[in-house]
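> predicted model, plus sequence, below.
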Amino acid sequence: MTSTRPRFRFAPSPTGSFHVGGARTALHNWALARRSGGTFVLRIEDTDEARNRPEWTQGIIDALAWIGISADDAHFEGPHFQSENADAHVAAAHRLFESGAAYYCDLTGQEVQDRAKELGLTGYDGYSRDRGLEAAPGRVLRFRVPDGTTVVSDGVRGDVSFENETIEDFVLLRGNGTPMFLLANVVDDIKMEITDVVRAEEHLPNTPKQQMLWEALGATPPRWAHVPVLVNEQRKKLSKRRDKVALESYRDEGILPGAMVNYLMTLGWTPPGAEAAGSEIFTWAEMEADFDLADVTLSPAFFDVRKLVAFNKQYIKNLPLDEFLAAVDAELPVDWDRRRFASIAPHIMERLERLGDAPGLVDFLFLGDGVDPELDHDAWAKASAPDWAAPLLDDVIEAYSALGDGEWTHETLKAAMETAMGPYEVKLGKAQALPRVAVTGRAVGPPLFEAMETLGQIETIRRMRSAVTRLGESSAPD
RNA sequence: GCCCCCAUCGUCUAGCGGCCUAGGACUCCACCCUUUCAAGGUGGCAGCACGGGUUCGAAUCCCGUUGGGGGUGCCA
């Protein structure tokens, strides 16, 4: 118990997916642990179900690694498993009984309820406190809550006090002798010499019980801190059933880990320099250096996917090209030519909200030769409507056909288009509309001339000729 | 029911008694720029829940009301 280095524990229970709320408190613990030169202890609260699904545990480890918390770092310790300490949990309970801090009770759950109803109380009334019962099958061990007041000193919200008389003598050991979670948790924390517990606010009401256990077990309670919960638009705590909370799902649809981390950190806390910078985009190093529990907000925060996406867009835009290519690769169909994609990539980076949007933006480049893109009919109708549209398209085809080797670049393509549109007295924005729809199938997309350059002379001209044919068909009498 | 927490633009927040004519970010709108869409630039809409105090002075402190949220198992 003489360790001076802070030890922060992160204790998730594996449930099949990793909750964004959990990710946020993990980040808080991580930032604090690293900055203080302490340790981030990962302890898995494994249940019977989780033990049969090791992939759930692996999912937590993978998710933590994704947001930058990994065993590669010296500040990281674990995973440990709660079940590893099962014997210690029972032993601690027995010690509490020996010292008189706990006592056995033979009332069943139903009997407790019935008594409470008769007496007009809300919970257990302390019926067996002084009956001197010994351990026996079917008897639960209850903690003898002392008189007085328990003050939880919280790093986020200051002192929170609870009248002990409002806390019932809670169960430590079930009738079958197995320990309750609360006890196991405290025993593990003591054993692992945890000094700091940072978690979500939902745990605050149970904290006085835990603190009393620490003290009854002869240990000095840790520093507590409860950060506000994350809520949905209905202001309800984010739940797995109703809300999209799986960190993995955001990862899979192309949210960058940096964006997720940055966004999560700004919920309930703002980096000190944000206002002066006019931005909330910060590096992990900056946030780690500045994060302080005392600055964390007190009220619940809405997890706003739109703002997350806005952050993500920034992060994608600011990625070095090679990193972008590496990150987006998994989103691309396997048969796409990576070199061709790389040539257009710089032009789509600032147009993506998520990495997963990339294929849909440039699919017209990967149809194969001789295949026309699928037409957006509204875009086609609008682009082909002006009188000058068809003749201009003919002129552009002619000009583009005349381009020789080495001249098929976006600069010359733009210049040739500008020359061709001269006689029609239209602006480039209008002039490029029909060619764009002809080549890409749509009215919006990456810069046209760059896309044409990537597509190549033969296929670009073929598509424009195909469009001429289509124009002839639609104007012919039927 | 009981216990605990919370309350500034639609959302995330800055604000810790005068610097607040309440600032920033996201969203939305307008304009500029422009090779469509983006990006970038400029500007705009929008908020201190309510009522009492305390004070020369309150978004900031106190009390109450109202409104949210969380907890309350022989669940984890």
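Nice, I can see it.
> hey, where'd the strands end up in chain A?
Here chain A has its strands, by DSSP state E, at A:7-10, A:39-44, A:76-81, A:102-105, A:140-143, A:149-154, A:158-163, A:171-173, A:196-200, A:223-227, A:230-231, A:301-302.
> could you export those strands as CSV, including distance to A:Asp62, mean pLDDT and mean neighbour count?
C-beta here means a position set from N, CA and C on the backbone, and glycine is covered the same way. Listed next are the strands of chain A as CSV, based on distance: least, Cβ to Cβ, whole Å; pLDDT from 0 to 100; neighbours: other Cβ atoms under 10 Å:
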stretch, distance to A:Asp62, mean pLDDT, mean neighbour count
strand A:7-10, 15, 97, 25
strand A:39-44, 12, 96, 23
strand A:76-81, 12, 94, 18
strand A:102-105, 40, 96, 22
strand A:140-143, 37, 96, 24
strand A:149-154, 32, 95, 16
strand A:158-163, 35, 93, 12
strand A:171-173, 35, 96, 24
strand A:196-200, 21, 97, 21
strand A:223-227, 24, 97, 22
strand A:230-231, 21, 96, 21
strand A:301-302, 25, 96, 16
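> and A:Gly123, what's its pLDDT?
Confidence at A:Gly123, expressed as pLDDT, is 84.
> oh, I was asking about A:Glu233
Per-residue pLDDT puts A:Glu233 at 89.
> neighbours around it, how many?
9 (other Cβ atoms under 10 Å).
> also A:Ser13?
Counted with other Cβ under 10 Å, A:Ser13 comes out at 16.
> find the nearest non-adjacent residue to it, please.
Setting aside the residues directly before and after it, A:Ser13 is nearest to A:Glu45 in space (Cβ to Cβ, 6 or more residues apart in numbering), at 4.0 Å.
> wait, doesn't the one you found sit right on A:Phe10?
No - counting by Cβ atoms under 8 Å, A:Glu45 stays clear of A:Phe10, with 10.5 Å between them.
> in chain A, which helix is the longest?
Counting residues, the longest helix in chain A under DSSP state H turns out to be helix A:457-475.
> need the residues of the stretch 301-450 of chain A near RNA strand B, please.
With Cβ under 7 Å from any atom of the strand as the criterion, the stretch 301-450 of chain A meets RNA strand B at residues A:301-302, A:304, A:306-307, A:310, A:313-314, A:317, A:350-351, A:410, A:414, A:428-429, A:432-433, A:436, A:443-450.
> among these, which are in helices?
A:306-307, A:310, A:313-314, A:317, A:410, A:414, A:428-429, A:433, A:436, A:448-450.
> pLDDT below threshold where in chain A?
Along chain A, segments meeting pLDDT under 70 span A:1-3, A:474-478.
> give me the most central residue, it.
Nearest residue to the geometric centre of chain A (Cα atoms, centre = their mean): A:Leu247, 3.9 Å.
> what sits against it?
Going by Cβ atoms under 8 Å, 6 or more residues apart in numbering, A:Leu247 touches A:Ser17, A:Phe18, A:His19, A:Val20, A:Gly22, A:Ala23, A:Ala63, A:Trp66, A:Ile67, A:Met260.
> now do A:Gly445
A:Leu361, A:Val362, A:Phe364, A:Arg436, A:Ala451.
> ok, A:Val231 next?
Contacts of A:Val231 by Cβ under 8 Å, 6+ apart are A:Lys237, A:Leu238, A:Pro300, A:Ala301, A:Phe302, A:Phe303.
> which residues in the stretch 251-400 of chain A form helices?
For the stretch 251-400 of chain A, the helices defined by DSSP state H, counting those that start in this stretch occupy A:257-265, A:274-277, A:284-290, A:305-317, A:321-328, A:338-348, A:358-362, A:377-384, A:389-401.
> can you give the contact residues for the second one?
Here helix A:274-277 makes contact (Cβ under 8 Å, 6+ apart) with A:Glu280, A:Phe282.
> how distant is that helix from the center of its chain?
A distance of 24 Å separates the centroid of the chain from that of helix A:274-277, by Cα atoms, centre = their mean, to the nearest Å.
> how about it: buried residues?
Counting neighbours by 16 or more other Cβ atoms under 10 Å, one finds that helix A:274-277 has no buried residues.
> check the fourth one too.
Taking 16+ other Cβ under 10 Å as the basis for neighbour counts, the residues of helix A:305-317 that come out buried are A:Leu308, A:Val309, A:Ala310, A:Phe311, A:Asn312, A:Lys313, A:Gln314, A:Tyr315, A:Ile316.
> the residue of the stretch 1-150 of chain A found nearest RNA strand B - how many residues pack around it?
Closest contact between the stretch 1-150 of chain A and RNA strand B, by Cβ to the nearest atom of the strand, is at A:Thr122 (3.2 Å). For A:Thr122, the number of neighbouring residues by other Cβ under 10 Å comes to 10.
> list the contacts for it?
A:Ala116, A:Glu168.
> switch to 10 Å and redo it
A:Thr122 makes contacts with A:Ala116, A:Thr166, A:Glu168, as judged by Cβ atoms under 10 Å, 6 or more residues apart in numbering.
> now do A:Ala326
A:Leu319, A:Pro320.
> how far out from the middle of the chain is stretch A:85-104?
The answer for stretch A:85-104 is 39 Å, by Cα atoms, centre = their mean.
> which one is A:Glu418 nearest to, not counting chain neighbours?
Per Cβ to Cβ, 6+ apart, closest to A:Glu418 is A:Leu428, 6.4 Å.
> measure the one you found to A:Lys414 for me?
With distances taken as Cβ to Cβ, to the nearest Å, A:Leu428 is found 8 Å from A:Lys414.
> now do the shared contacts for these two.
A:Leu448.
> look at those two and report which has more neighbours.
The residue with more neighbours, out of A:Leu428 and A:Lys414, is A:Lys414; 18 against 12, by other Cβ under 10 Å.
> any idea how far the more buried one is from A:His28?
A:Lys414 is 51 Å from A:His28, by Cβ to Cβ.
> now do A:Ala431
55 Å.
> okay, these two: which has more neighbours?
Between A:Ala431 and A:His28, A:His28 has the larger neighbour count (other Cβ under 10 Å), namely 25 against 22.
> next to RNA strand B, which bits of the stretch 1-150 of chain A? Give me the list.
Residues of the stretch 1-150 of chain A lying near RNA strand B (Cβ under 7 Å from any atom of the strand): A:13, A:45, A:47, A:82, A:107-109, A:112, A:122-124, A:138, A:140.
> make a PyMOL selection of whichever of the residues you listed turn out to be buried.
Of these, the buried ones go into a single PyMOL selection, burial set by 16+ other Cβ under 10 Å:
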select buried, chain A and resi 13+45+47+82+107+112+124+140
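> could I get the residues of the stretch 1-150 of chain A next to RNA strand B as TSV with distance to A:Thr207?
Putting those into TSV (distance: Cβ to Cβ, whole Å) gives the following:
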residue	distance to A:Thr207
A:Ser13	18
A:Glu45	17
A:Thr47	22
A:Gln82	18
A:Leu107	26
A:Thr108	28
A:Gly109	24
A:Val112	23
A:Thr122	19
A:Gly123	18
A:Tyr124	19
A:Gly138	30
A:Val140	22
